[in-house]
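In: Predicted model and sequence follow; I will ask about them next.
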Amino acid sequence: MKNQKHIRAILAFLLIVSTILACNRLTGTPTVTALPPTTKPEPTSRPVESAEPKDPLAGSSGLNDSLFPDFGNGGYDVQHYTLDITVNDVSTSDLTATTTITAKATQDLSSFNLDFIGFEISSITINDQPAVFDRDGQELTITPSTLLQENEAFTITVQYSGSPDNFNSQSPFQTGWVTFDGGSFVLSEPDGAATFYPVNDHPLDKASFTFRITVPEPFEAAANGVLIETIDNGNTNTFLFEARDPMASYLATINIDEFDIETMESEGGIPIRNYYATGLPEAVRKPFARQGEMLTYFGELFGPYPFEVYGSLVLNVEFGVALETQTMSIYGRDMIDVNDVAGTEGVVAHEMAHQWFGDSVSVADWSDIWLNEGFATYSSGLWIEHTDGRAALDEWIKSIYESVVTNQDHFTPPGKPTADQLFNAGVYFRGALTLHALRLEVDDKAFFEILRTYHEQYKGSNATTEDFIAISEQVGGKDLQELFDNWLYSEEIPPIPE
């Protein structure tokens, strides 16, 4: 029955939030291999400088994010990362690696920082010249042999080895490079990227990526972007991936296992490749069968799909979350209910919608996380509307609203998350309801034009809540500040507009 299908979809969505909030809920207990953790910036695709360091020519060691001021670093803009990683032992994730970073100085630089946790560093060079470096927790401070001039392009090469360290993330779930019995995966939101490569770890500094991953046979590697080449080295294989579009550091992922690979494409010709860990039942593929249709539908609503390829990866391990890693969303097996394909499709729609909202358009400040999660959550409802009609969406909205009202003492308003509750259910549920309230206020035509305009203006870059409000008012042709204040910042949830 359709009504039962809608309810299952709602419950599947509730599972997204409850599992994200469940701290370290792991079955089979994968071993985390990562590290100790460590106004609002203007929207820009380049790093925003923090307070003046003691040395005025030293790049700052943080970007003054309102929730995580120490995240990221100032003084330069990364253009590209090349991660050349050889995994020597899959069971321990012992690896030998070279990360090469091309960047441009945004000021005269006597020194600058990267975020990097653990590993033994054997050398660091800048423009092939040895550089002095020092480490303090997550901060890797590098001093070049000569001053870097403002606007100068330069290349950093870091050689290192070891196994990723244990990591106490700012997130409630396990992040970073995670080793489990049979392989490893990487989920880095918001601060796990530094567990496996030296990085400017804030969404403001987006860059393109090359992944060159060598693993022993019979293992395979899956990473962001397009698989360009697979090289047979005898006892090992090297997998070369190119992610040519700008990507926030936390979305970079490397996954090592034995995979069954499924390929298809959307009606518009977008390539889709799905990786399923061997040993998973064939039924796990069913919720992903309509990804091509989803890409077409969301492309009509939000604007053309912003990347070269899409797909999903399902691991044969339970880790309680799915994550929208750019061009290839990742799922633990516990996120796939083979007995409820329709409900799990809501999860698939959620992660896919993030490719537009969260990946292509990224937050300029982590306090604006509702721009990622509220948009993706509402997209689950839009998929229900597409498959079963407006009445089904209204039923879904009613259930979400009742859940928020019942539990609002446990939610923060979506525009006011705290550092220790970044992924609280308010940014998901009330964030989605905020968009529905906006849709009812301005009408469907204006609402979807707002979404398309927002993505078009900020794709490949960063945005704030203020940016979204400004576009909403411009396209909607009215003052919407009160609506957004009530839905995003008020402690009391307002009624759904008639």
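Out: That came in fine, so what should we check first? Predicted model, so just to flag it, every value in this text is computed and none were measured.
In: Strands along the stretch 1-150 of the chain, start to end?
Out: If you assign secondary structure with DSSP state E, counting those that start in this stretch, the strands in the stretch 1-150 of the chain sit at 31-33, 76-89, 94-105, 112-115, 120-126, 129-130, 132-136, 139-143.
In: Please identify which of the ones you listed is closest to Ser171.
Out: Closest of these to Ser171 is strand 31-33, at 11.4 Å (criterion: Cβ to Cβ). C-beta coordinates here come from the backbone N, C-alpha and C atoms, glycine included.
In: mean confidence for the closest one?
Out: The average pLDDT within strand 31-33 is 30.
In: cool, and stretch 161-180?
Out: The pLDDT scores in stretch 161-180 average 88.
In: Look at that stretch and report the distance between its end residues.
Out: This stretch, stretch 161-180, spans 19 Å end to end (Cα to Cα, to the nearest Å).
In: Go through that stretch and flag the buried ones.
Out: 162-165, 167, 169-180 (16 or more other Cβ atoms under 10 Å).
In: Now do that stretch: distance to the chain's middle.
Out: Centre-to-centre, stretch 161-180 and its host chain are 16 Å apart (Cα atoms, centre = their mean, to the nearest Å).
In: quick revisit: output the strands of the stretch 1-150 of the chain as CSV; include the columns distance to Tyr378.
Out: Formatted as CSV, those follow (distance: least, Cβ to Cβ, whole Å):
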stretch, distance to Tyr378
strand 31-33, 32
strand 76-89, 32
strand 94-105, 36
strand 112-115, 32
strand 120-126, 44
strand 129-130, 51
strand 132-136, 42
strand 139-143, 38
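In: Tell me which of these is the most buried.
Out: Across the strands of the stretch 1-150 of the chain, averaging neighbours per residue (mean count of other Cβ atoms under 10 Å) puts strand 112-115 on top, at a mean of 27.
In: what mean pLDDT does that one have?
Out: The pLDDT scores in strand 112-115 average 98.
In: Please enumerate residues in contact with that strand?
Out: Contacts to strand 112-115, defined as Cβ atoms under 8 Å, 6 or more residues apart in numbering, come from residues 38, 58-61, 71-76, 101, 138-142, 148, 156, 158, 193-194, 198-201.
In: Identify those among the buried residues of stretch 161-180 that sit within helices.
Out: Within those, no residue falls in helices by DSSP state H.
In: how about Asp368, what does it touch?
Out: With contact taken as Cβ under 8 Å, 6+ apart, Asp368 is in contact with Gly415, Ala463, Thr464, Thr465.
In: Scan the helices and strands of the chain for the one with the lowest mean pLDDT.
Out: Using mean pLDDT, DSSP states H and E, the weakest-scoring helix or strand in the chain turns out to be strand 31-33, at a mean of 30.
In: In contact with the closest residue to Leu187 other than its chain neighbours, which residues?
Out: Nearest residue to Leu187, sequence neighbours excluded (Cβ to Cβ, 6 or more residues apart in numbering): Leu323, at 4.9 Å. Counting by Cβ under 8 Å, 6+ apart, Leu323 makes contact with Leu187, Glu189, Thr253, Ser329, Ile330, Glu351.
In: 10 Å instead, please
Out: 20, 173, 175, 185-189, 250-251, 253, 313, 329-332, 335, 351, 354 (Cβ atoms under 10 Å, 6 or more residues apart in numbering).
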